[in-house]
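Trainee: I would like the atomic coordinates for the input below:
(one chain, ligands or ions: 1)
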Amino acid sequence: MNNSISNLGNPGENYQKQLLEILKQLCDRPFTLGLLILALLLPKDLNLLKTRLEYSEKGQYFWLQLCSSFLIEAGICFWPPKQANSFKHDHFNSKALVLTLSGEILQTLYKVSRDKFFIYRQDIAKPLDFLFIDGWQIHGIKNVSNEWAFSLHLYALKRPQTQLEIAED
Ligand SMILES: [Fe+2]
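Mentor: Now for the predicted structure:
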């Protein structure tokens, strides 16, 4: 974990309460395949998430690490409704696969030319849609809907750091 992700903080504290309430409702009666996958991946006692959820102030999302080894890393992202910004980052040489479990997330891919970022592709991922992120690809993800969104993230190889932010002037 690096210093941009913390176990708790404001406004993460308020978001975490809201998130746990919503998860309790949804996992009690998962009514879509995506929510069923989510319920199977989460601990049965959702109160255990309180100590395992990490909050990114910069990205305004929660992260739950599921597994991590040299070859592969997996986790779940919990995106609050209507995020204003997403931060640009890459995963060095790690390739990523993102499966949206619930809600809708917007991914933006960037290219760089003469020290400037250019958007060259945007994709909305709905439940059970996949996003592929190649190594060295600068991107940002945010929730543009009014509902919480949840997504499963798989990385191969393991990311060198939890968050690899691109510094901007
Ligand atoms: Fe990423």
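Trainee: residues of the lengthiest helix in the chain that come out buried?
Mentor: Ranked by residue count and defined by DSSP state H, the top helix of the chain is helix 12-28. Residues of helix 12-28 classed as buried under the neighbour-count rule (16 or more other C-beta atoms under 10 Å) are Gly12, Tyr15, Gln16, Leu19, Leu20, Leu23, Leu26, Cys27. Backbone N, C-alpha and C define where each C-beta goes, glycine included.
Trainee: residue contacts, the fourth one?
Mentor: By that I understand Leu19. If a contact means C-beta atoms under 8 Å, 6 or more residues apart in numbering, then Leu19 has Leu53, Phe62, Phe78, Pro80, Trp148 as its contacts.
Trainee: mind checking how far the residue lying closest to the fourth one once chain neighbours are set aside is from Arg29?
Mentor: Same thing as Pro80. Leaving aside its chain neighbours, Pro80 sits nearest to Tyr15 (5.4 Å; criterion: C-beta to C-beta, 6 or more residues apart in numbering). When distance is defined by C-beta to C-beta, to the nearest Å, Tyr15 is 23 Å away from Arg29.
Trainee: grab the nearest non-local neighbour of the residue at minimal distance from the centre of the chain.
Mentor: Nearest residue to the geometric centre of the chain (C-alpha atoms, centre = their mean): Cys77, 3.2 Å. Take Cys77 and drop its neighbours on the chain: the residue closest to it by C-beta to C-beta, 6+ apart is Ser151, 4.9 Å away.
Trainee: contacting residues for the one you found?
Mentor: With C-beta under 8 Å, 6+ apart, Ser151 has these contacts: Ile76, Cys77, Trp79, Val98, Leu99, Thr100, Leu101, Ile105, Ala125, Ile141.
Trainee: mind doing that once more with 7 Å?
Mentor: Cys77, Val98, Leu99, Thr100, Leu101, Ile105 (C-beta atoms under 7 Å, 6 or more residues apart in numbering).
Trainee: try Ile133
Mentor: By C-beta under 7 Å, 6+ apart, the contact list for Ile133 reads Lys95, Ala96, Val98, His139.
Trainee: so what pairs up with it in the strands?
Mentor: Per DSSP bridges, residues listed as beta-bridge partners of Ile133: Ala96.
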